[in-house]
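A.B. asks: Provided below for reference: sequence and predicted model.
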Number of protein chains: 2
Amino acid sequence: MNPAIASTAGSLIRALHARRKATSIDLGLGEPMLMPNVAYFERATAWVAEHGCRYSPNIGFEDLRTAIARHYDYPGLSGPGNVCITTGSQEAVYLAIKTLLDPAQDEVLLVEPAFPVYAKIAQVEGIALRRVVLEPSDGCALDADKILEALGPRTRMLILCSPCNPTGRVISKAGAKRIADALKARSGPPVYLLHDEIYRELVYTDDAGEFGKIYPYTIAVNSLSKSNSLTGLRLGWLFAPLEVMPQIVKMHGWSTSCASTFAQRIALDIFEAGDLTTNRAWYAKQCELAMAAARDNGLEYIEPEGAFYLCVRVGDSQTLGFVETLIDERDVIAIPADNFAASMSGWLRTSFVAKVDDVREGYRRIAEHARERAPLHR
Amino acid sequence: MNPAIASTAGSLIRALHARRKATSIDLGLGEPMLMPNVAYFERATAWVAEHGCRYSPNIGFEDLRTAIARHYDYPGLSGPGNVCITTGSQEAVYLAIKTLLDPAQDEVLLVEPAFPVYAKIAQVEGIALRRVVLEPSDGCALDADKILEALGPRTRMLILCSPCNPTGRVISKAGAKRIADALKARSGPPVYLLHDEIYRELVYTDDAGEFGKIYPYTIAVNSLSKSNSLTGLRLGWLFAPLEVMPQIVKMHGWSTSCASTFAQRIALDIFEAGDLTTNRAWYAKQCELAMAAARDNGLEYIEPEGAFYLCVRVGDSQTLGFVETLIDERDVIAIPADNFAASMSGWLRTSFVAKVDDVREGYRRIAEHARERAPLHR
């Protein structure tokens, strides 16, 4: 048995999700409830009837890679050779960390609160971790100076999720530029900026920094999962500079060979239609409703600028205990936010993808649970 | 950059495949030309219209895992908890090697000729390799005694592909039992037997050993790619003992999260219909035709008992040079078989999935090329 895998904890989010009952109010898993557009599946099926369902090149079909590169239009990353199609953004993140870092000498810097999988992949691959922990007291703002101060001499990758899972905070254009300029000015080998932009299509501010636009060593990862309600399609992609792509594609060949041909046809259709932000307005409205419901129930929260999460404060330092009793006693699933950063003790990550009435009732029960546990744990 | 990835060679098969022209006779890539049954795609699309396309559990949908476990009926591996659904058998092989071996002390034994990806994954993961090389002079028979003799004290995994890519040879029931008995009798920790059974549904003999039936530490990997002409669907699976499955599923979560929901619905439909061997008779006939064409052209070959490859001797020790000039001068794509084992110098792997006329013409050109190069290289 590989000891690095055995010693790394599994997914708490998935474990809590597995406790979901038919009656549960589910504010847990980060998964859209909107239905996908089935017309894409019908057209891809018609294509299979004509062409079969054969392998794509390891890197993915060129027409799709061209369409994705054109859509995002990142300078220096704008050709089909800058895009590798992956099995969801999960594989893209895995490939980037595994391929671009040397476990013998390189270090990765995480900006926390962060999706726990980055740290777990680094741990499994034997890559040293450095963390900068943002504080809920200042709304977990993605503070460029604080992030830059945390870089060490061995840091060769900075991972930043913006809009952020779990806080929904977005790095500003000025903040992104400050980071890009500082990294460009650094001497020595380049620092890759892994921009997890999986919530890029769900942004509720005009001031969202995009590293692909300003920093040549950006590795941008994304997928159709969140924008198009296609978590189960497993279609993602990774932007990378040309000089590192052959190594990434080689590793991709060993891990999964290539992404699904069927899913790539759907993605091509979606990019050709420019159909990536149709759901944004719906999520923006849900976000307003969720914040209102939290306020109505007296819950402190971090105001999201993107994604579909609301971090709410329950003030219970036994955050996991709070969540477990919340499931058992009130049939509400939420995620302990200290799973994303130690600074988030006493906070929950909630998804506002459920029906409005469920979201409202969910926050009511969370607030009630917090009040009842307060004498014990505040 | 990860030096283990940078120092491992990419896929020669894919590189040769990329030189395919519209006019080429393609005996290269191991990919069915038969069309898949599109009715499965239509039904899965109807299911998505009703249910959406959401994540499955990391391990895969339970109904599918139950159907697969029942279909193969491997004692001790017969429950849904013994099956993990993967992104093709490629991910299954990757997960097995990566998860079950400790790079600090374990060693893997390859039975060559072997698909090169096993060795490459081991190399990338820093796992020591041991090889037993079968000889074309005895038809690369999967000789149990020879394989067992090659086990070392640190060997913790034996990888065996039967039917074999590239030779099409199959391990006999007696041979499989001999290996299983010897491994059971070994003292110390168990040796996992990774049985790559991706060509299991394309067997042309009654005497095919199945390790899942007789050895409790079998890791069996398979997919719908070859049996159902669905290489582009990326739907595979891995059987494993219950005690190691949590670690495998954890690693699977980090590499790809879960397999495609759409692909899993297609797989469920196929298993419920028992539609896995519909194409076997067609391949058996192609195999006869390919052997006849090789004979007619005076080419020595290894008689396949399964899969869709025919290894033919061209007697040129510059095998890659032979293949490159074969592509350039005669527009035929084949794979140098010494890519699978040093013992196969002077042999080609050919796929007999093409149209009969193409297969015949392909062997005619190969034989002609061999004759013309003979004075130079024999």
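C.D. replies: Happy to help now that I have it. Numbering: from 1, shown residues only, chains lettered A, B, ... in the order given.
A.B. asks: need the helices for the stretch 251-378 of chain A, in chain order.
C.D. replies: Here the stretch 251-378 of chain A has its helices, by DSSP state H, counting those that start in this stretch, at A:261-273, A:280-296, A:319-330, A:356-377.
A.B. asks: mind listing what the strand or helix carrying A:Leu238 pairs with, with the direction of each?
C.D. replies: According to DSSP states H and E, A:Leu238 maps onto strand A:236-239. Within its sheet, strand A:236-239 is paired with strand A:83-86 (antiparallel), strand A:218-223 (antiparallel), according to DSSP bridges.
A.B. asks: In it, which residues are buried?
C.D. replies: A:Gly236, A:Trp237, A:Leu238, A:Phe239 (16 or more other C-beta atoms under 10 Å in any protein chain shown). C-beta coordinates here come from the backbone N, C-alpha and C atoms, glycine included.
A.B. asks: nearest spatial neighbour of the third one, skipping sequence neighbours?
C.D. replies: Residue nearest to A:Leu238 in three dimensions, not counting chain neighbours: A:Ala92, with 3.9 Å by C-beta to C-beta, 6 or more residues apart in numbering or on different chains.
A.B. asks: just the first one next, same as before
C.D. replies: Counting by C-beta to C-beta, 6+ apart, the nearest residue to A:Gly236 once its immediate chain neighbours are dropped is A:Ser223, at 3.4 Å.
A.B. asks: Then A:Asn222?
C.D. replies: Spatially, and ignoring its direct neighbours in sequence, A:Asn222 is nearest to A:Glu197 (5.0 Å; C-beta to C-beta, 6+ apart).
A.B. asks: Is it correct that that neighbour is in contact with A:Ala220?
C.D. replies: Yes: the pair A:Glu197 / A:Ala220 is scored as a contact, 5.5 Å apart, by C-beta atoms under 8 Å.
A.B. asks: shared neighbours of the two, anything?
C.D. replies: Common contact partners of A:Glu197 and A:Ala220 (C-beta atoms under 8 Å, 6 or more residues apart in numbering or on different chains): A:Gly212.
A.B. asks: ok so, going back, now the angle between strand A:218-223 and the helix or strand the residue nearest to A:Leu238 falls within, please.
C.D. replies: Using DSSP H and E, A:Ala92 sits within helix A:88-100. Angle, helix A:88-100 to strand A:218-223, by axes from the mean of the first three to the mean of the last three C-alpha atoms, to 10 degrees: 150 degrees.
A.B. asks: Next secondary structure after helix A:88-100?
C.D. replies: Proceeding N to C from helix A:88-100, the next assigned helix or strand is strand A:107-112, under DSSP H and E.
A.B. asks: where do the helices sit along the stretch 51-200 of chain A?
C.D. replies: Going by DSSP H, counting those that start in this stretch, the stretch 51-200 of chain A shows helices at A:62-72, A:88-100, A:117-124, A:144-149, A:173-185.
A.B. asks: now the ones you listed in JSON lines, with mean neighbour count?
C.D. replies: Below are the helices of the stretch 51-200 of chain A laid out as JSON lines (neighbours: other C-beta atoms under 10 Å in any protein chain shown):
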{"stretch": "helix A:62-72", "mean neighbour count": "18"}
{"stretch": "helix A:88-100", "mean neighbour count": "27"}
{"stretch": "helix A:117-124", "mean neighbour count": "21"}
{"stretch": "helix A:144-149", "mean neighbour count": "15"}
{"stretch": "helix A:173-185", "mean neighbour count": "17"}
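A.B. asks: Would you format those as a markdown table with distance to B:Arg373 and mean pLDDT included?
C.D. replies: Putting the helices of the stretch 51-200 of chain A into a markdown table (distance: least, C-beta to C-beta, whole Å; pLDDT from 0 to 100) gives the following:
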| stretch | distance to B:Arg373 | mean pLDDT |
| --- | --- | --- |
| helix A:62-72 | 35 | 98 |
| helix A:88-100 | 39 | 98 |
| helix A:117-124 | 48 | 97 |
| helix A:144-149 | 62 | 98 |
| helix A:173-185 | 54 | 98 |
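A.B. asks: Format those helices as a markdown table; extra columns: distance to B:Gly79.
C.D. replies: Below are the helices of the stretch 51-200 of chain A laid out as a markdown table (distance: least, C-beta to C-beta, whole Å):
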| stretch | distance to B:Gly79 |
| --- | --- |
| helix A:62-72 | 39 |
| helix A:88-100 | 26 |
| helix A:117-124 | 27 |
| helix A:144-149 | 47 |
| helix A:173-185 | 50 |
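A.B. asks: who wins for proximity to B:Ala44 among the ones you listed?
C.D. replies: When the helices of the stretch 51-200 of chain A are compared by C-beta to C-beta, helix A:88-100 sits nearest B:Ala44, at 18.1 Å.
A.B. asks: helices or strands up against that closest one?
C.D. replies: strand A:83-86, helix A:117-124, strand A:155-161, strand A:192-196, strand A:218-223, strand A:236-239, helix A:245-255, helix B:245-255 (3 or more C-beta pairs under 8 Å, 6 or more residues apart in numbering or on different chains; DSSP states H and E).
A.B. asks: next one: whichever helix or strand comes after the fourth one to chain centre, how far?
C.D. replies: Beyond strand A:192-196 in the direction of the C-terminus, DSSP H and E gives the next helix or strand as helix A:211-214. Here the centre of helix A:211-214 is set off from its chain's centre by 18 Å, with C-alpha atoms, centre = their mean, to the nearest Å.
A.B. asks: Alright, calling it a day.
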